[in-house]
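> need a 3D model of the following:
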Amino acid sequence: MGLTKQNQEILYIDGFAGPGKYKNYEEGSPIAALKAAQSAIETSGLRWKAGNVHCAFIEADEKRFMHLQQEIKGWDQVKGLKTYPLEMSFHEGLAVLREQLPKPFEKSHPLFVFIDPFGATGAPFTSVAEILNSPCSEVLINLDADGIARIFLAEGKANSEETLNSIFGDSSWKMLPGKGTHFPTLCRAVLDLYKTRLRSLPNIRFVFAFEMQTTVGALNYFLVFASQHPLGLEKMKEAMKTIDQDGNYRFSDGSLNQPSLFRFNDPAIYSPRLFDRFKGQTVSYDVLKEFALNETVFVNPKSMLKDLELRDRIKVFSQDANRRKGTFSQTDNLRIQFENGDANG
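All right, here's what the predicted structure looks like:
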């Protein structure tokens, strides 16, 4: 982003920043963000067109905040980098930053907010909606679906109605399945509902959830990404792919109906889902690309379409007379006809 628009301001917010360093992990999210910003500025050199990169760290806990201040001390000396440590709640911190740096909240200046609360509460949906109102804003939310599900099951004992109204921004949580539901299924229903609420916001068309699992199969957390622009989700998936290649995590797409684990290189897992969604229809490539972004791990449908075409489950209508079967280099005016029946023929 620093290479494209002259003098635009870039704002990164860590919503629940923590102490900056942990006993079992030397580099917390604030330090990781500052190092990434520094690297982007310095490696770009004279090609850098943007203004400053503003990194704000909101932390309400006094002890964590004091430690954080020590960890980020001196980073303001990096040319083009500004830090804003704020000892207050997430909601209060957003209000302060909107006052100090209004452009990223209102205009075409990039705004990225990492929302990582210590538990299920602390990030009201109204705050998330406020962030996503800007056309160049994106959020990455660590959603504690497990904790939210427990609040739902506790009912009045946990002041659940007020808490859940805050988390979801309305009373839609009342439609969650009841107490007899298998708990992991309830957690996925919580996630599914939260994604639906994000998609209900104006112009938020790109939402995807990464279910982070350890290599031994234990669920760690859900990371939910939301943006108005497809490129944001493409870049987030590219970032997740690098973690996947490291081999320390497995991923699920967090779907309520099909919570299948995946790696990023197996289109055969997702091509049946693409086929089932559009079977019997003829649609444009752009429609399929949006589906691929929101409902699969891929940034485009090409590998899935190749799998389907080689198995004669689709017909491709192209203006390119030299196009070879299974290739999708030119996508303008491309239309794809999905056969009826089963994805496997």
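> where does the prediction get shaky in this protein?
Across the chain, the ranges flagged by pLDDT under 70 are 158, 213-220, 244-265.
> center of it - which residue?
Phe225 (1.4 Å; C-alpha atoms, centre = their mean).
> pretty sure that one is in a strand, no?
Yes: under DSSP: H, G, I helix; E, B strand; the rest coil, Phe225 falls within a strand.
> quick one: contacts of stretch 185-201?
Residues outside stretch 185-201 that contact it (C-beta atoms under 8 Å, 6 or more residues apart in numbering): 125, 128-129, 132-133, 143, 145-146, 148-149, 152-153, 167-170, 172-173, 175-177, 181, 204-205, 207, 209, 222, 224, 226, 254-256, 259. Backbone N, C-alpha and C define where each C-beta goes, glycine included.
> from those residues, which land in strands?
Leu143, Val207, Ala209, Phe222, Val224, Ala226 (DSSP state E).
> list the contacts for the first one?
With contacts taken as C-beta under 8 Å, 6+ apart, Leu143 has the following neighbours: Val190, Leu191, Tyr194, Ala209, Tyr221, Phe222, Leu223, Val224.
> dig out what the residue lying closest to it once chain neighbours are set aside forms beta bridges with.
Closest residue in space to Leu143, ignoring its immediate chain neighbours: Phe222 at 4.6 Å, by C-beta to C-beta, 6 or more residues apart in numbering. Following DSSP bridges, Phe222 is listed with bridge partners Leu143, Glu211.
> and Phe222, how many residues sit next to it?
23 (other C-beta atoms under 10 Å).
> check Gly180 too.
Around Gly180 sit 6 other residues, with neighbours defined as other C-beta under 10 Å.
> the helices in the stretch 101-250 of the chain, which residues?
Assigned by DSSP state H, counting those that start in this stretch, the stretch 101-250 of the chain shows helices spanning 103-106, 125-132, 145-154, 160-168, 183-199, 230-246.
> and the third one, what does it pack onto?
Helix 145-154 sits against helix 160-168, helix 183-199, with contacts defined as 3 or more C-beta pairs under 8 Å, 6 or more residues apart in numbering; DSSP states H and E.
> show me what the shortest one is packed against.
What that stands for is helix 160-168. Counting by 3+ C-beta pairs under 8 Å, 6+ apart, helix 160-168 packs on helix 125-132, helix 145-154, helix 183-199.
> please name every helix or strand in contact with the first one.
Counting contacts by 3+ C-beta pairs under 8 Å, 6+ apart, helix 125-132 is packed against helix 90-100, strand 111-115, strand 137-143, helix 160-168, helix 183-199.
> redo the ones you listed as TSV? Include distance to Gln38.
Shown next, in TSV, are those (distance: least, C-beta to C-beta, whole Å):
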stretch	distance to Gln38
helix 90-100	21
strand 111-115	16
strand 137-143	20
helix 160-168	35
helix 183-199	31
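> to Lys241, which of those lies closest?
strand 137-143 (15.4 Å; C-beta to C-beta).
> about what we covered before: which of the helices and strands packed on helix 145-154 sits most buried?
Highest mean neighbour count among these (mean count of other C-beta atoms under 10 Å): helix 183-199, with a mean of 19.
> all strands for the stretch 201-345 of the chain, in order.
206-214, 219-227, 249-252, 261-262, 282-284, 314-317, 335-338 (DSSP state E, counting those that start in this stretch).
> out of those strands, nearest to Met240?
Met240 lies closest to strand 206-214 among the strands of the stretch 201-345 of the chain, at 5.8 Å (C-beta to C-beta).
> so which bits of the closest one are buried?
Using 16 or more other C-beta atoms under 10 Å as the test for burial, strand 206-214 gives Phe206, Val207, Phe208, Ala209, Phe210, Glu211, Met212, Gln213.
> okay, those residues in CSV with distance to Phe16 next?
Formatted as CSV, those follow (distance: C-beta to C-beta, whole Å):
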residue, distance to Phe16
Phe206, 24
Val207, 21
Phe208, 21
Ala209, 19
Phe210, 18
Glu211, 20
Met212, 17
Gln213, 22
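> among those residues, which one lies nearest to Thr242?
Thr242 lies nearest to Phe210 out of the buried residues of strand 206-214, by C-beta to C-beta, at 12.7 Å.
> in space, what's closest to that closest one - neighbours in sequence excluded?
Nearest-residue entry for Phe210: Leu223, 4.5 Å, with adjacent residues in sequence omitted and distances by C-beta to C-beta, 6+ apart.
> gap between that neighbour and Glu290?
21 Å (C-beta to C-beta, to the nearest Å).
> between these two, which is the more surrounded one?
Neighbour totals were compared for Leu223 and Glu290, and Leu223 leads with 20 against 15 (other C-beta under 10 Å).
> OK, contacts around that one?
Leu140, Ile141, Asn142, Leu143, Ala209, Phe210, Met212.
> make it 10 Å
The contact partners of Leu223, by C-beta atoms under 10 Å, 6 or more residues apart in numbering, come to 114, 116, 140-143, 208-212, 236, 240, 251, 254.
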